[in-house]
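Q: With the sequence up front, the predicted model follows.
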Amino acid sequence: MDLILWRHAEAEDGFPDQGRKLTEKGEKQALRMAAWLKAHLPEGARIIVSPTTRTQQTAAALTRDGIVVKEVGPGASVASLLGAAGWPDAKGAVVVVGHQPTLGQVAAYLLSNTQESWSVKKGSVWWFTNRARLDETQTILKAVMSPEFL
């Protein structure tokens, strides 16, 4: 399974949190990252999106077929996000468009089995996969991409 964590692009400040929209810079970030993802995602990838406006706008740069899932919304736990994605047993690729600190916590858990809050930059992608080798499941970081490098 491939698990792609995509943090929403830059959004306006303020409240209410649920309705914050992408800034002009954020819209450009989302478009650049979506173009990179389109070139690399396997066919049939599933896209799950937080219920916030900024995550839905970010995902819309890639597809209009994203599925809104509250389990990946603000304040989500590592367990709820991984459960919603089906990690590690789902088939194919799943893109999760979500938030900090959850995405950083998921990255830390997958790579170091710790409860840390690693920083995931706005608009960036962390791409994981897993495999079984010698009767052991391994998590592999395939790519980390930030919109400013595209």
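A: Received, thanks.

Q: Q105: what's it in contact with?
A: V78, Q115, E116, S117, W118 (CB atoms under 8 Å, 6 or more residues apart in numbering). (Glycine included, C-beta is placed from N, CA and C.)

Q: That one belongs to a helix?
A: Yes: assessed by DSSP: H, G, I helix; E, B strand; the rest coil, Q105 belongs to a helix.

Q: For S117, see how far away it is.
A: Distance of Q105 to S117, given as CB to CB, to the nearest Å: 5 Å.

Q: can you give me the helices in the protein?
A: Using DSSP state H, the helices of the chain run over 24-40, 53-60, 78-85, 102-112.

Q: for the last one, which positions count as buried?
A: When you say that, I think you mean helix 102-112. Within helix 102-112, the residues that count as buried by 16 or more other CB atoms under 10 Å are T102, L103, G104, Q105, V106, A107, A108, Y109, L110.

Q: neighbours of the closest residue to S117 other than its chain neighbours, just the number please.
A: Nearest non-adjacent residue to S117, counting by CB to CB, 6 or more residues apart in numbering: P101, 4.3 Å away. P101 has 16 neighbouring residues, counting by other CB atoms under 10 Å.
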